[in-house]
Each structure stands twice: as structure tokens, then as C-alpha cells.
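Enquirer: Got a predicted model here, sequence first, then my questions.
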Amino acid sequence: MNTYYDLLAKIHKHLRPKLYVEIGVHEGHSLAFVQPGTRTIGVDPEPKVAEPPNDCTIVASTSDDFFADPRALAGERIGLAFADGLHLWEQTLRDVANLERHSSPDGTILIHDCNPIDEITSARKRTTVVWSGDVWKTVVALRRYRPDLSVSTVDVEPTGLAIVTGLDPGSTVLHDHYDKIVATIDELTYADMEFGDRTELLGLIPGEWALTEAILSSNLPSF
């Protein structure tokens with residue numbers, strides 16, 4: 001397992017959620033990993049998905065507008081979500097908060113671009129082909145303000161994939177304290193991570209499937 005695509009494929013095969021929601025589908029490449037039996041909702045303001053999977057609804061909308069009127073969910077709880085939308089951390093934090101609100105307690109939220117390559121590719125304004133933006137700050141915010149969550153960042157190419165479990169759909173912490181969180185975390189710079197403890201800040205773990213599988217399996221309900 002080397003890339004986040006490899007990891008996504010394995011996660012889909014392992015979890016096989018009843019409902020999968022992806023924020024930022026673009027051309028739909030990552031939708032190819034959805035397994036039979038999973039209902040999919042893809043959200044993107046300008047979707048370009050040529051061949052969506054079976055039982056898939058593409059919603060041409062911003063994520064904020066989608067969650068303001070989430071009728072496409074039909075009241076069903078999300079089992080797996082992938083946040084890969086606007087590469088600005090405060091938007092990603094809102095996406096995670098909204099996804100959690102509509103998720104099952106044993107659901108999983110994935111966040112792309114959480115282990116940036118360098119300062120240039122993690123800038124808020126895109127000037128490079130590979131661009132992660134400052135999404136990594138979302139992980140720092142979650143680990144700092146939501147210690148009840150399990151938040152790990154898997155070190156896969158090119159820019160990592162965070163896994164969030166232990167969800168609490170009833171939590172209002174991120175919504176209630178959003179402005180304070182943004183004001184505090186926004187002060188962080190790439191240097192804080194480059195010259196600090198990246199492993200601790202991001203909950204960084206090696207890209208070995210056994211480690212990811214253990215996180216996912218520990219989150220599944222026991223019968």
C-alpha cells in the first residue's frame with residue numbers, strides 16, 4: 001500500500017458501508033472503489049463524474065448548502081465519509097462537523113491531504129500541481145478540541161489520509177466553538193509542524209495496512 005487510493009480501496013472492501021458520502025468528487029476517480037451494496041452520495045459544486053457507481057447520487061452543490069438541506073441522505077446514517085473538497089482547513093473542519101452529525105456512532109470519516117509535502121504545496125493559494133492546502137490544521141484542531149475522537153493520519157502518498165473514528169453525532173463542540181477554534185488554529189504555520197513534532201500534531205502512523213485495519217476493526221460494533 002503506497003498511495004491514498006490504495007488505502008481507500010482497502011477501506012471500502014473492509015467496511016462495505018451501507019451509505020458512503022464523498023465531499024469533493026471532481027471526476028469521480030475515488031468513487032471507483034465503492035463496493036456493491038453501498039449507496040453513494042457525491043457532493044461537488046462542479047461535478048465531472050462520467051461513470052458513477054451503481055446506486056449513486058451526485059449532488060451539484062457546495063458542502064455547506066448540501067448539509068443545510070441534506071434530503072439526499074433520506075434520514076440514513078453515514079457509515080463512511082471522505083472529505084476531499086475545498087483545500088482550506090476551516091471548510092474541511094465544517095465538513096467534518098457536519099459529516100459527524102449525520103454519521104452512525106460506529107462510522108468513519110476520512111480526510112485527504114493531512115500530511116503535507118512542503119510549505120509551498122500546503123499554502124492556501126494553489127501554485128503547484130500537487131496541492132494539499134492547509135487541511136492538516138483540521139487534524140490538529142480535532143486532536144486538540146475533540147480528544148474524545150480517535151484521529152490518526154496514515155502516511156501514504158502523496159499527502160496522507162486521516163482517519164477519524166469514535167464519532168459522536170450528538171456532539172456540538174465543533175459547531176459551538178467554531179469561531180474560537182478557527183482563530184486559534186489559524187495562527188499555526190507550516191514551520192510549527194516542520195520544526196515541531198509532526199507525528200504528535202498529526203497522529204502520524206506508517207502506511208501499513210495492519211495498523212489501519214486495527215483502527216477500523218476496533219471501531220466496529222461487537223455482537
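Expert: Thanks, I have the structure now.
Enquirer: pLDDT weak spots in this protein?
Expert: Residues of the chain meeting the criterion pLDDT under 70: 1, 222-223.
Enquirer: Quick check, central residue of it?
Expert: Nearest residue to the geometric centre of the chain (CA atoms, centre = their mean): residue 111, 2.1 Å.
Enquirer: Now it: which helix or strand?
Expert: Assigned by DSSP states H and E, residue 111 belongs to strand 103-112.
Enquirer: next structured bit after that strand?
Expert: Defined by DSSP H and E, the subsequent element after strand 103-112 is helix 136-145.
Enquirer: quick check: angle from that following helix to strand 103-112?
Expert: Helix 136-145 runs at 140 degrees relative to strand 103-112, counting by axes from the mean of the first three to the mean of the last three CA atoms, to 10 degrees.
Enquirer: State the distance from the residue nearest to residue 158 when sequence neighbours are not counted to residue 118.
Expert: Of all residues not flanking residue 158 in the chain, residue 130 sits nearest, at 5.6 Å (CB to CB, 6 or more residues apart in numbering). Quick note: C-beta positions are derived from backbone N, CA and C, even for glycine. Applying CB to CB, to the nearest Å, the value for residue 130 to residue 118 is 10 Å.
Enquirer: Likewise for residue 151?
Expert: Residue 151 is 23 Å from residue 118, by CB to CB.
Enquirer: The two: who's more crowded?
Expert: residue 151 (24 against 12; other CB atoms under 10 Å).
Enquirer: how about the helices in this structure?
Expert: 4-15, 63-68, 89-101, 136-145, 173-176, 178-185, 190-194, 198-202, 209-219 (DSSP state H).
Enquirer: The closest residue to residue 177 other than its chain neighbours: what's it in contact with?
Expert: Nearest non-adjacent residue to residue 177, counting by CB to CB, 6+ apart: residue 145, 6.8 Å away. For residue 145, the contacting residues are 173-174, 177, 181, by CB atoms under 8 Å, 6 or more residues apart in numbering.
Enquirer: Which one of those residues is nearest to residue 83?
Expert: Of all the contacts of residue 145, residue 174 has the smallest distance to residue 83: 13.0 Å, by CB to CB.
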